[in-house]
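[1] Dropping a prediction and its sequence here:
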Amino acid sequence: MRRLPQSLWCLIHATFALSAQTISLNTLYSFSGASVSSDPTFSLPQAQQLTVSIAICSAGTSSLAFFVTNNTAITDPGQSTSTTDVFEIPLLNGFGNWTGTAPQGGFLAVQNVGQTSFQVAASTGALVHELLPSLPLLGDTTNTQALIFSPPFSTVESSLSTYPNYTLPPANLSTPSPPSSPPAFSLVIAPTSSGLASGPQTACSVQSTSSSGSVLSNNFWLRDDQGWRSQWLIDGLTPSTNYTAYVIQDQVKLSGPIYFTMKSPSFSCPLVHSLPFCPSTSYAVPLPFPQSPATSYDSSTLPQSISDPLLQYMTNFTTMLLTFPCGRDLYSPLQTCESCQDAYRAWLCTASFPRCAEPPPSPPSSSSPTPALLPPQSGSNARNPFLPNVTYSYQTVLPCLEVCSAADRACPNFLGIKCPSPQFNAASSYGVGYIDSGEQGVLGGGSTGVAQDRWGNVWCNAG
């Protein structure tokens, strides 16, 4: 879908006379029921394919209705108009749209507007107001901080090397520059008890809410092969509190909601994020609290005693992988040396950085599985001896078995990657049966189907 050029946007607050207000193409109009006539009418522009979108910005009367016609002889379309040329725009969660031919233009009428605030936009095919299908992504939370990502907005095209000059990315990846003209993103977080998700699900309604917490950092991050995302590190949230989060794109497109719960006041693990060699690592890890002024770990604050061994492992693995004639011979019709390296990197980072977690705040129901949590521990971490000792007690959630299985499937046999069997001892070191069923060779059918859902539940760590 094309994004409308920023230069075309214009926010207009107008007071109406009894005559119809003209709506121009590719212009955003914002109205308040207190400043318009009781039943305003708008003149629509000419277009072979015209799209009209409506967004309700404040709760109004239940009888509010929008009617559109592409018959210029009908200057005041409405419910009482008896003709097939009048169409009511249905509203769902505060959003509605109509698309049709309007070679001579048309009219849009509003009935029972009351004190409702709303937005109107007309375009040639592109939908202006939209509830995006992709959701924001929760990285993780601590007792006061949250790491949240926007939906992916731009993919990265990579060119494969060719034999004999076949190279793979280095252990410490160099992050490419983000797109030159990214969308404008904003984040809104509010306690779930505020009822934010029960109001109109439109950008103008959500962005009128005062967002909780303070933004420590906001940057673009290439987290995985899904593409670029906007990344927020938020502080100042309340421990043990349920929150609702939305991401707004270009002021008119809404993504969400997602839900999450802050950890308890005693939770001590800091967040680790923005590591070029582990781009998907974005969660709390059992580490000593970083030195002030830092409140979380990134590539500039993570100790070299942790990063250097991981970089050496990745370098050694890549050297071994390149003993195979990558680019000349095929070991799989589906996998390449690049996909093998990517899968191994994901496994290495997930296994090397244990994810701190807490039991669910209430006992799970019989239909809800228990997360793959290890018992509380303190001191050294047996899974990664390079992590320094901590003085607090913590729990971790096991990596998903599928992270190991992905590396097993993607890599050549001579590398000897083997994963524990679900029928025997896999559950002692991995979360089993959440994404896949656990049956040997069967993909899918797990108890949750995902490692993490939009409600903030984390069943196993997929990185």
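    Yes, it's here.
[2] In contact with Leu374: list those residues for me.
    Each residue near Leu374 by C-beta atoms under 8 Å, 6 or more residues apart in numbering is listed here: Gln395, Thr396, Val397, Leu398. C-beta here means a position set from N, CA and C on the backbone, and glycine is covered the same way.
[3] for Thr241, same thing?
    Counting by C-beta under 8 Å, 6+ apart, Thr241 has contacts Pro191, Thr261, Met262.
[4] give me that answer again for 10 Å
    Residues in contact with Thr241 (C-beta atoms under 10 Å, 6 or more residues apart in numbering) are Thr141, Asn143, Pro191, Thr192, Ser193, Ser212, Phe260, Thr261, Met262.
[5] Determine which two of those residues are furthest apart.
    Greatest spatial distance among the contacts of Thr241 (C-beta to C-beta): Asn143 and Ser193, at 18.2 Å.
[6] who does the helix or strand containing Ser43 touch, helix- and strand-wise?
    Using DSSP states H and E, Ser43 sits in strand 41-44. Packing contacts for strand 41-44, counted by 3 or more C-beta pairs under 10 Å, 6 or more residues apart in numbering; DSSP states H and E, involve strand 21-22, strand 47-56, strand 65-69, strand 106-111, strand 117-123.
[7] List of residues touching it?
    By C-beta under 10 Å, 6+ apart, strand 41-44 touches 16, 18-25, 29, 31, 50, 52, 66-70, 72, 75-78, 98, 102, 104-110, 120, 122.
[8] For the buried ones among those, write the corresponding PyMOL selection.
    To isolate the buried subset of the contacts of strand 41-44 in PyMOL, counting by 16 or more other C-beta atoms under 10 Å, use the following:
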select buried, resi 20+21+23+25+29+31+50+52+66+67+68+69+70+72+77+78+98+102+105+106+107+108+109+110+120+122
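[9] Okay, helices next: where are they in the chain?
    Taking DSSP state H as the criterion, the chain contains helices spanning 203-206, 304-321, 337-352, 401-410.
[10] now those in a markdown table, with distance to Val285, mean neighbour count and mean pLDDT?
    Below are those laid out as a markdown table (distance: least, C-beta to C-beta, whole Å; neighbours: other C-beta atoms under 10 Å; pLDDT from 0 to 100):
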| stretch | distance to Val285 | mean neighbour count | mean pLDDT |
| --- | --- | --- | --- |
| helix 203-206 | 32 | 25 | 96 |
| helix 304-321 | 9 | 15 | 96 |
| helix 337-352 | 9 | 21 | 96 |
| helix 401-410 | 16 | 21 | 96 |
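[11] Just put the ones you listed in JSON lines and tack on distance to Phe185.
    Formatted as JSON lines, the helices of the chain follow (distance: least, C-beta to C-beta, whole Å):
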{"stretch": "helix 203-206", "distance to Phe185": "11"}
{"stretch": "helix 304-321", "distance to Phe185": "29"}
{"stretch": "helix 337-352", "distance to Phe185": "26"}
{"stretch": "helix 401-410", "distance to Phe185": "29"}
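[12] Of all these, which one comes closest to Arg328?
    helix 337-352 (10.7 Å).
[13] Show me what the closest one packs onto, helices and strands only.
    Counting contacts by 3+ C-beta pairs under 10 Å, 6+ apart, helix 337-352 is packed against helix 304-321, helix 401-410.
[14] Would you format those as a markdown table with distance to Ser380 included?
    Listed next are the helices and strands packed on helix 337-352 as a markdown table, based on distance: least, C-beta to C-beta, whole Å:
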| stretch | distance to Ser380 |
| --- | --- |
| helix 304-321 | 13 |
| helix 401-410 | 23 |
